[in-house]
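S.K.: Provide a 3D model corresponding to the input given below.
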Amino acid sequence: MDVAYANLNLKEIQTSPLFSEGSAILQGISRRIEGRAYNIQAHVLYACALMRGDCNTYLELGTMHGATMCLMSRVLGCRAPLAIGVDWFSYYHRHPADPVSRMEVTPRVLMRNFSIYNPGQRVHLQLVKGDTNSEETVAKVRELLSGRGVDVMFIDATYTPEHLRKNFEMYKPVLASGAVIVFSGYDIPEVKEWLDKLDPFGYNIVGSCGSMFILQKMKRLYNRALDSSSGRWEVPEEVDKAFNEFMKDEPETPKTPMKVKRPKGRPAGSKPVRKTKLISIQERLRIKKRAEIAKNAMNQQVPATDINNTGE
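M.R.: Take a look at the predicted model:
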């Protein structure tokens, strides 16, 4: 069931006290955890989640040492909060350790860091090791979600247009209405070019903030296709066909003109006033039933009292 959520606005996010508050918290987390916070601008997630409201499920693609996971553990709600992290749990080119902090990138390190900011294990943490673009990995994430939608998703894996596109397309089905999607890597020219051309249908483009690009999913009724000839969004033919098939047997509500008596004092020769009386479908069926009974009564010469007996 969809819940109420706020539509995000970039200016409101950047001027909100939550923006600077998230930045201060992330810097503190980076100094305290084993390893480091790879993306220091990820504090925009903190502000987005709190301003969106009712965030209980967080998905991160590319976790490293878990600094952003620790940050988001503070904003997840009280309705069975769940955080899912997907990573190779190795640095670039699958090296065992981060060359800057000299700390290994493993699930054990992430869980130790996360436990610092998750007292009493309030937030349920699940880690998936593997390629974020693998069908097997997506299936594992779906299994962990158990039908619930993702409220906030952070795509922070490989900064190439093709990889980000696959991440977005493969995990779109698990997003909840109003979900916040944050891409990292907007400061890279080829990634920026792809994100600027991203199909906005069904999504509100909140805007960019440093190396972050923010989207918000809106409620969708059906998919539309871009008509290359007109340049407009058109309803697909199969949607029109299905709708027409559905409406084919639907009885129409008739409009019966009803004459109104000329009021006293109306000028002679003026046109009579007509009003439209709408007859409901149920009333139309009753009239039809009465007509059928009357016709049968005349043919079979049954008592006239049966004409009013419509079985109602």
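S.K.: now do the phi/psi pair for residue 113.
M.R.: Dihedral angles of residue 113 (phi, psi; degrees, to the nearest 10) stand at phi -60, psi -40.
S.K.: what's around it, how many residues?
M.R.: 22 (other Cβ atoms under 10 Å). Every C-beta, even on glycine, is put in place using the N, C-alpha and C of the backbone.
S.K.: doesn't residue 35 make contact with it?
M.R.: Yes. Taking Cβ atoms under 8 Å as the definition, residue 113 is a contact partner of residue 35 at 7.2 Å.
S.K.: what touches both of those two?
M.R.: Overlap of the contact sets of residue 113 and residue 35 (by Cβ atoms under 8 Å, 6 or more residues apart in numbering) consists of 65-67.
S.K.: so which helix or strand of the chain has the lowest pLDDT on average?
M.R.: Across the helices and strands of the chain, mean pLDDT, DSSP states H and E gives its lowest value to strand 225-226, namely a mean of 43.
S.K.: longest strand in this protein, by number of residues?
M.R.: For the chain, the strand with the greatest residue count under DSSP state E is strand 175-184.
S.K.: list the pairing partners of it within its sheet, with orientation.
M.R.: strand 150-155 (parallel), strand 212-217 (antiparallel) (DSSP bridges).
S.K.: what sits up against the first one?
M.R.: In other words, strand 150-155. Outside strand 150-155, the residues that reach it (Cβ under 8 Å, 6+ apart) are 42, 45, 48-49, 52, 54-62, 68, 72, 164, 167-168, 171, 174-176, 178-184.
S.K.: same thing but at 7 Å, please
M.R.: By Cβ atoms under 7 Å, 6 or more residues apart in numbering, the residues outside strand 150-155 that reach it are 42, 45, 48-49, 55-61, 68, 72, 164, 167-168, 171, 174-176, 179-184.
S.K.: give me the buried positions along the following helix or strand past that strand.
M.R.: Next along the chain after strand 150-155, taking DSSP states H and E as the criterion, comes helix 161-171. By neighbour count on 16 or more other Cβ atoms under 10 Å, the buried set for helix 161-171 is 161, 163-164, 166-168, 170-171.
S.K.: the nearest residue to residue 38 once chain neighbours are set aside: neighbour count?
M.R.: Nearest residue to residue 38, sequence neighbours excluded (Cβ to Cβ, 6 or more residues apart in numbering): residue 64, at 4.8 Å. Residues lying near residue 64 (other Cβ under 10 Å) number 25.
S.K.: and what about residue 37, helix, strand or coil?
M.R.: coil (DSSP: H, G, I helix; E, B strand; the rest coil).
S.K.: got a pLDDT number for it?
M.R.: According to the prediction, residue 37 has pLDDT 85.
S.K.: same check, this time on residue 304
M.R.: Predicted confidence (pLDDT) at residue 304: the value is 45.
S.K.: shouldn't residue 188 be in contact with residue 159?
M.R.: Yes. Shown here, residue 188 and residue 159 form a contact pair, counting by Cβ atoms under 7 Å, at 5.4 Å.
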